[in-house]
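Visitor: Next come a sequence and a model predicted from it.
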Amino acid sequence: MKIVRKNLFVVACLLIVPVEHLFGQEILFSVDGAPVYTDEFIYTYKKNNINNQKGFSKKDIDDYLDLYINFKLRVHEAYQLKLDTIGSLKNEYEQYKQQIKKPYLSDNNIKEELIREAYDRYQEEIRASHILIRVGPEAPPKDTLTAYQKIKKIKDEAVKGSDFSSLAKQYSEDPGGKINGGDLGYFTSMQMVYPFETGAWNTPVGGISEIVRTRFGYHIIKVTDRRASGGKAEVAHIMVRTMVGADSVNKKAKERIFHAYDQLASGFGWNEVCSMYSEDVNTKGSGGVLQPFRNSVMSLPPEFKDQAFSLANPGDLSDPFTTRYGWHIVKLIEKHPLEGLEEMRPEIQNAIGRDERSQLEERAVIARLKTENGFDERQWVKTKLFTFETTDEIRKNIGGDSTMFSIGDRQLKVSDFERHVGRQNKAGGPGLSLPANYEMFVKEQVLEYEENVLEKKYPEFSYLLQEYREGILLFHLMDEKIWSGAGRDSTALLGHYMLHRDDYLWDVRYDCTIFSSLEEEVIRLAYDQLLADSTLEAGALIEKLPENSRTRIDYEKGKFEQGRHAALNKTLSEGNHLLEVGNIWYLLHIENVLPPGHKEFEEVKGLVMSDYQQVLEERWTDELKNKYVVKLHKKGKKEVYKTLVN
């Protein structure tokens, strides 16, 4: 069991914080002679208190400084143990580095244009059909031409008036097209690949698009409807599952959903009915509430969306209906209009990062970096390159030492390009042509050069790297020294438990079965069964109830601590008890009342381990303070106060 303490300064923020300078010359403190500068502490303090503007008193700063010294003591120990040379930790650090460099390799202008375009398209939903002729991105020219000629012929037929659905069923290489005539239903921004989306948005209702090329092949699109965005629906639902081919299960499911509907019609509260009847374990405890969703979302069944968006007023209920998941009743909570741009910006940004739009930004970034870093291309080499088909021909006709281009102080030669092509072929790449391989090589080299100079160009990037490196080392050391260490020492854990046994106590507990229903009549029927035979197990008791009552009662069995269950909020005795709490009727069959007492070690092992880890951590910190000399510099501390104190 691993308990991560709040004073473990593992940075998980990718935010770029501009700073005037880092690693200033004023020392705040040193650990075994290794200095920690005021700028470093100020930078870290501000970032970790960015939403806590009141936390800038001398006391707050002193408390944080104590934690930071402890942090640096542990980091120093990690370096002394040479944890930074462990291969797995070095790999983990490189993965973090790949993540935090991304903001520095982006183009905000292009990104903003793409965000605004996507948001504008969110204003409406389009219904369209398409016909696809498949051809891969790296298909030979002959195959590409054949596919293009085929889609052009189909388009000509469609434009002349042939039924689009019939054409899709006859020609489309999208498997769904054979069944639904190419109909894609309604979709909005970010739901289709970018070229397809653009083709659809540029086509009027009733029109046929230009031929569109995507990574799947060639498409033509017929737009059949456009409508304003319906925003989002926020609903709650009650669901009872069905099973394909299980008639008896499905019959009971239908009975159960209609029982729930009758209860709602009789005036019982939604939350109580949902808690009693719904089989969606993720939502039944919270009133069946689902995350707001758009009508165009493809993960929900069409029947569910139709019912949700057909409800007009908050509180309106649907009739019971079925989807592929089972039976549902839906209650409208609220309809939300489309959010504003700023509210949707994070969602759109994340979607763009996974979309082909990101290639547009990448091209803009490459162009900018070429300018910033002095990219110089030898045009005569490039011209000759495009006349050859193999790297052998390039080497023979141009020469391996000929420079192809330069970036900063680096000269990239024909021999470098030849090795790049060799690596691509060895890795089983897509079989790119030499011109395509050249463009890939240029892009890789431009990005690689920029990554190598990031720390010089952006001091805050260097600082973030240090934070990640130290966080990784410390996590590994804490795991070895504290978290996993505590788990391995079972004798010490047991000793800690025995020493602090009075900290782990049970309140009064009831060994019982708890039956619950929204209907008093059903609970009283169960009560009568218990009076007739107190040895009945819960399942057998329910089977003895009238058939129309069996789906209206639930039960749970176990040992429950007083106050931890709605039905057990007061002292009770052994035997049977009828009571109503919050519009729910309960039958308690209490077999044994367990008095307050000590929790057994196995019952609280996780909690004991957590407490023992805290003891180990404090003990280890004291050891490090004795092992390494920490020297606090008064002048540095005054500078920190001067900068941070409100």
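Guide: Done, it's in.

Visitor: can you list the weak-confidence ranges in the stretch 351-500 of the chain?
Guide: The stretch 351-500 of the chain contains residues with pLDDT under 70 at 427-432.

Visitor: repeat that with 80
Guide: Residue ranges of the stretch 351-500 of the chain with pLDDT under 80: 384-391, 394-395, 399-400, 424-435, 459, 485-488.

Visitor: quick one: the strands in it?
Guide: For the stretch 351-500 of the chain, strands defined by DSSP state E, counting those that start in this stretch occupy the ranges 376-377, 403-407, 410-413.

Visitor: Tell me the buried residues in the second one?
Guide: The one in question is strand 403-407. Along strand 403-407, these residues count as buried under the neighbour rule (16 or more other C-beta atoms under 10 Å): 404-407. Placement of C-beta: from N, CA and C, glycine included.

Visitor: For Leu572, state which of these is nearest.
Guide: Among those, Ile407 lies closest to Leu572 (C-beta to C-beta), at 79.3 Å.

Visitor: Correct me if wrong: that closest one contacts Glu451.
Guide: No. Distance between Ile407 and Glu451: 11.9 Å, which falls outside the contact criterion (C-beta atoms under 8 Å).

Visitor: Now do the domain split for this protein, please.
Guide: 124-228, 232-337, 505-598 (automatic domain parsing).

Visitor: would you turn those into CSV with mean neighbour count and mean pLDDT?
Guide: Below are these laid out as CSV (neighbours: other C-beta atoms under 10 Å; pLDDT from 0 to 100):
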stretch, mean neighbour count, mean pLDDT
domain 124-228, 17, 93
domain 232-337, 17, 93
domain 505-598, 16, 92
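
Visitor: The ones you listed: which one's closest to Gln466?
Guide: When the domains of the chain are compared for distance to Gln466 using C-beta to C-beta, the nearest one is domain 124-228, at 36.5 Å.

Visitor: From one end of the closest one to the other, what's the distance?
Guide: Domain 124-228 has an end-to-end distance of 4 Å (criterion: C-alpha to C-alpha, to the nearest Å).

Visitor: Now find how far off-centre it is within its chain.
Guide: A distance of 32 Å separates the centroid of the chain from that of domain 124-228, by C-alpha atoms, centre = their mean, to the nearest Å.

Visitor: one step back: of the domains of the chain, which is nearest Leu644?
Guide: Leu644 sits nearest to domain 232-337 of all the domains of the chain, at 40.0 Å, using C-beta to C-beta.

Visitor: confidence score at Cys13?
Guide: pLDDT recorded at Cys13 is 33.

Visitor: what's across from Val330 in the sheet?
Guide: His237 (DSSP bridges).

Visitor: next one: Thr322
Guide: Bridge pairing for Thr322 - DSSP bridges - gives Trp327.

Visitor: With Ala233 instead?
Guide: With DSSP bridges as the criterion, Ala233 is bridged to Phe293, Lys335.

Visitor: surely it meets Val297?
Guide: No. Checked against C-beta under 8 Å, the pair Ala233 and Val297 is beyond contact range at 9.9 Å.

Visitor: Now the common contact residues for the two.
Guide: Residues touching both Ala233 and Val297 comprise Lys305, with contact defined as C-beta atoms under 8 Å, 6 or more residues apart in numbering.

Visitor: Span of stretch 115-131 from start to end?
Guide: When the termini of stretch 115-131 are compared using C-alpha to C-alpha, they are 28 Å apart.

Visitor: so how far is that stretch off the chain centroid?
Guide: Chain-centre distance of stretch 115-131: 24 Å, with C-alpha atoms, centre = their mean.

Visitor: For Glu520, give its distance to Arg256.
Guide: According to C-beta to C-beta, to the nearest Å, Glu520 and Arg256 sit 19 Å apart.

Visitor: now swap in Ser189 and tell me
Guide: As judged by C-beta to C-beta, Ser189 and Arg256 stand 40 Å apart.

Visitor: hmm, back to that, how about the buried residues of strand 403-407 in a markdown table, adding distance to Arg363?
Guide: Formatted as a markdown table, the buried residues of strand 403-407 follow (distance: C-beta to C-beta, whole Å):
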| residue | distance to Arg363 |
| --- | --- |
| Met404 | 20 |
| Phe405 | 17 |
| Ser406 | 20 |
| Ile407 | 16 |
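
Visitor: now for the residues you listed, which pair is the farthest apart?
Guide: Met404 and Ile407 (10.6 Å).

Visitor: what about Asp479, distance to His577?
Guide: In this view, Asp479 and His577 are 49 Å apart by C-beta to C-beta.

Visitor: Contacts only, for the residue minimising distance to the centre of the chain.
Guide: For the chain, the residue nearest the mean C-alpha position is Asn350 (10.4 Å; C-alpha atoms, centre = their mean). Not one residue lies near Asn350 by C-beta under 8 Å, 6+ apart.

Visitor: Just to be sure, it is in a helix?
Guide: Yes. Under DSSP: H, G, I helix; E, B strand; the rest coil, Asn350 falls within a helix.

Visitor: What's the end-to-end length of stretch 287-296?
Guide: End-to-end distance for stretch 287-296, by C-alpha to C-alpha: 24 Å.
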